[in-house]
Structures are given as C-alpha cells and as structure tokens.
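1. what follows is a predicted protein model with its sequence.
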Amino acid sequence: MRYVVIGSSAAGVNGVRELRKKDPEAEITLISKDKAIYSRCILHQYLSGHRSLERLCFAEPDFEDLYKVNWVKGVEVTGLDREAQEVILENGERTGYDKLLIATGSHTFIPPIKGLAGAKNFIGFRNIDDIEVLKEVPKKCSHIVVLGSGLVGIDCTTGYLDMGVKVTLVDFAGWLLNRQLDERAAQTYIDLFNEHGIEQHYGVGVSEVIQNEEGNITNVILTDGTDLECDFFVITAGVRSNVEFLQDSGLELSKFGLVYDETGKTNDDNIYGAGDVSGLSPIWPVAVKEGMIAASNMAGVPAKMTDFFASKSTMSFLGVNTMSLGMVTPPEDDDSYQVETYEKGDVYKKIVHKDGVIVGALLQGDLAYGGVLQQLIARKIDVRRVKKPIFEVDYSDFFHIADENYEFYYADR
C-alpha cells in the first residue's frame, strides 16, 4: 500500500504515526512546504526568544527513520490528478498514491484594506518564515500594530512584551479572544495587557493604512477615526484553508475548505482530509485526532471523530490560566440556556447548559474543576438533577457503586 500525506503539522505528522502503527509494511511519503516540524501553537515563544527552533519541534529526533517515512521537504503540492492517483509537485514531478491524506493547513487572510497594496512592512503570523521576519522587527521598529485579538493575535502580542516596542492591539470584536472567552473572562486579560503597556482598541476595524514614499506604512486609521502611529503592521485577523491546488480536482470544497466526514473521508474514497484544511479552524488536539482518525480509516481500521466539544482551548497568558469549552456566551434572545457562575478573588467559573446538558464552560484562575467538569460531560449528567451547588461537586460524588453491576455512578438519585 502506498500512502501519501501532504502537510507536516499536527494532523499530517500524527497521520504518519498512525499509518505506520496500523500498517507496518506500507510505503509512506510525507510532502511538505516546511523543511522542519514545529508547533504553530508556540511560535510566539520562538519570537520572544524563550524557545529555540529545535524546541518548537513536537516530533521525535529520528522521526523519518522511526516511522520509515520518505519525507519530501520544502516542496509545494500544486495539483492533484485523481484519475492517475498522483499529486503534482511544484517542480513538475508526480508522486503516486493508493490512499492520500490532505493536511495542508491554512494561511493568513489578508483583508482588502485601503492603502495596503504594495506596502513593504506588513506580514501575517502563521509559519516559521513569518517569525524569522518578526524577530528582526524590534531592531528597526518601535510601533507595532497587531490586527486581530484571537489566539494568534494574542500570541504575537505577548511575544513582543519584553522586547522594548510599543504594541497596539486592534479587533472588530467587542473584546479579545471573543470566540473563547466571555466579556468577564476577557476583561482579566485586557486589564493585564493595560498594565503591561499594550494599547487596545475593540469594536473597531482598520479603514485605511497610510504609506510613505518608500512604500512603508506609517499610520493605521481605525474605523472610528483613531490615527495610530505604525512602523510595522501584523495581520492575524483570519485564515483561509490551503486548497488552491484542489480547485480543479473535483474534490468537494465548501466556502471554508475541504469537505470530509467524521471518518476523514472526502467525496473520493481514496482521499482523506484532516486539520485546518477544512477551514473550520480546529484546535491543535482536534487536528491531531482528525489526522489519527483519517489514517486509521485509510489503513482499513474503522474509526470516527466523535468529540462533542471541538472548540476546547486551554491558554495561559501573563500568568493567568484559562480553559474554554464550547459555547461560553449563549444567545441573548434564547432563554432556554441556563448559566451558572462562580467568582471568588481571581477565580472565575461558568457553566452554560441547555435542557440539563452542558454546552459550554469557562474556568479561569483555577483549572482544578476541569476534571469534574469532564466527568459531568462524559457521563452525560443532567445538571438540573445535581442536588448540591454545581461548583461544589467533586470526585467523591462519582464514587458510588451500583449493586447490580458494581460499576461507579454519579449519585444524583
């Protein structure tokens, strides 16, 4: 069996691992634009100098030998010939496959901002090449504007905290990490960023950038008229899936990216997908699992992606730990959602449930309750039947034995 995997990030690398585990004698080829394996989740630590390039790597030092994989490095796949079952490389070469895993990830979306075209001093924050450029910025620039306050934007901002530059954060959303946090949890980080000298503008976009005669951005104009001094502009406001090479392939694509089912299979029985290429922005653990699920099915071992909460994030910025799970801000016009909160000092906890089923949660300052929360979710506990305050439930509440089968159950009866 000939397997080809495109992409060497979370989904692709773990796909290779799983393929080798399930099919010890197969021929596996990995093709990637990147020449090294690295975690995009901690690129900001490379920017700040807290990690070396080697310490960004999440694969084994002998990855290629250990998994007996032929890794074609630094080469982009530019086309797909499904009839011949071959991928087409940028150098014109072709690589044949019996089963193909597409894990090409995504790239920074550059919005059509007035005055941006042709500017020299702006970049995205997505791969190691971006970071190599951004590491040099503090040597010649002093005012950096970051557009986007999602996880990538916050990573970029924190990466510059101790580098002697002024950073301004801009986002159209009402608060930072809008997808992961509610306004209360976000305010903790907003206050901390203020204390560290980060200027922040929320609820506004960028209407225009001003270039000088040399083609460098000197000012960023916000939609409320605010004029920001800027000598380097970093865009982290969104991503687009890397599916350009699939446009004429006949594979099903949505407006977001490659379409595949819970087994990873596309509309071609021999082609699978995993990770950011779906355009649905799966977090790292989800991308890892999608790669493993797809690889297992490619090797003939049935498996399905069944995780209910694909939007789980655990983060730590400026010494504050937070876990976000599912829907943390329910619709204001839907009273079928119930919200339970707990606040004490620096600790904030929140559970959102509907018809007794937990659909979202936030833990900030103390993540110890996360284990109990996972039990409530995994065991499908109807939280309306919980007899004690929900945030006082502990592990002992699960340690009751049913006489009929000697299994542990939650004592809600």
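-> Right, received. Where do you want to start?

2. need the helices for the stretch 251-400 of the chain, in chain order.
-> Applying DSSP state H, counting those that start in this stretch to the stretch 251-400 of the chain gives helices spanning 284-298, 370-378.

3. among the ones you listed, which is the most enclosed?
-> helix 284-298 (a mean of 25; mean count of other Cβ atoms under 10 Å). C-beta coordinates here come from the backbone N, C-alpha and C atoms, glycine included.

4. from the contact counts, what lies against that helix?
-> Packing partners of helix 284-298 (3 or more Cβ pairs under 8 Å, 6 or more residues apart in numbering; DSSP states H and E): helix 10-22, strand 99-102, strand 271-273.

5. and residue 190, which of the three is it?
-> helix (DSSP: H, G, I helix; E, B strand; the rest coil).

6. isn't it up against residue 178?
-> No - Residue 190 sits out of contact with residue 178 when judged by Cβ atoms under 8 Å, with a separation of 11.7 Å.

7. check what pLDDT the closest residue to residue 110 other than its chain neighbours gets.
-> Taking Cβ to Cβ, 6 or more residues apart in numbering, and ignoring the residues beside it in sequence, residue 110 has residue 235 as its nearest neighbour in space, at 6.0 Å. We have a pLDDT of 96 for residue 235.

8. what's the neighbour count on residue 336?
-> 9 (other Cβ atoms under 10 Å).

9. for the closest residue to it other than its chain neighbours, what are its contacts?
-> Spatially, and ignoring its direct neighbours in sequence, residue 336 is nearest to residue 354 (5.6 Å; Cβ to Cβ, 6+ apart). Residue 354 is in contact with 330, 336, 337, 338, counting by Cβ atoms under 8 Å, 6 or more residues apart in numbering.

10. try 10 Å
-> 327, 330, 334, 336, 337, 338, 360 (Cβ atoms under 10 Å, 6 or more residues apart in numbering).

11. next up, phi/psi of the third one, please.
-> According to degrees, to the nearest 10, the main-chain angles of residue 334 amount to phi -120, psi 100.

12. among the contacts of residue 354, who's most crowded?
-> The most crowded member of these, judged by other Cβ under 10 Å, is residue 360 (21 neighbours).

13. can you pull up the bridge partners for it?
-> residue 326, residue 352 (DSSP bridges).

14. wait, isn't it in contact with residue 330?
-> Yes - Residue 360 is in contact with residue 330 according to Cβ atoms under 10 Å; the separation is 7.4 Å.

15. what do these two both touch?
-> Residues touching both residue 360 and residue 330 (Cβ under 10 Å, 6+ apart) are 182, 337, 339, 352, 353, 354.

16. out of these, what pair is the most spread apart?
-> Farthest pair in these (Cβ to Cβ) is 182 and 354. Separation: 16.2 Å.

17. if we can go back for a sec, turn the helices of the stretch 251-400 of the chain into CSV, including distance to residue 249.
-> Shown next, in CSV, are those (distance: least, Cβ to Cβ, whole Å):
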stretch, distance to residue 249
helix 284-298, 17
helix 370-378, 38
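
18. so which of the ones you listed gets nearest residue 107?
-> Of the helices of the stretch 251-400 of the chain, nearest to residue 107 by Cβ to Cβ is helix 284-298, at 15.3 Å.

19. list the buried ones in stretch 108-117?
-> 108, 113, 115, 116 (16 or more other Cβ atoms under 10 Å).

20. residues touching the third one, list them.
-> Yep, that's residue 115 we're talking about. 206, 207, 208, 209, 210, 211, 217, 219, 220, 221.

21. ok, 6 Å please
-> Contact analysis of residue 115 by Cβ atoms under 6 Å, 6 or more residues apart in numbering lists 208, 209.

22. repeat that for the first one.
-> Residue 108 makes contact with 124, 126 under the criterion Cβ under 6 Å, 6+ apart.

23. quick check, nearest of the shared contacts of residue 360 and residue 330 to residue 284?
-> Of the shared contacts of residue 360 and residue 330, the one sitting nearest to residue 284 (Cβ to Cβ) turns out to be residue 182, at 22.3 Å.

24. next, give phi and psi for that closest one.
-> Dihedral angles (degrees, to the nearest 10) for residue 182: phi -90, psi 180.

25. quick one: contacts for it?
-> Contacts of residue 182 by Cβ under 6 Å, 6+ apart are 328, 329.

26. make residue 1 into 14 and carry on from there
-> With 14 as the first residue, the last one maps to residue 195.

27. for it, give its distance to residue 189.
-> Note on residue 195: its distance to residue 189, by Cβ to Cβ, to the nearest Å, is 12 Å.

28. repeat that for residue 250.
-> 13 Å.
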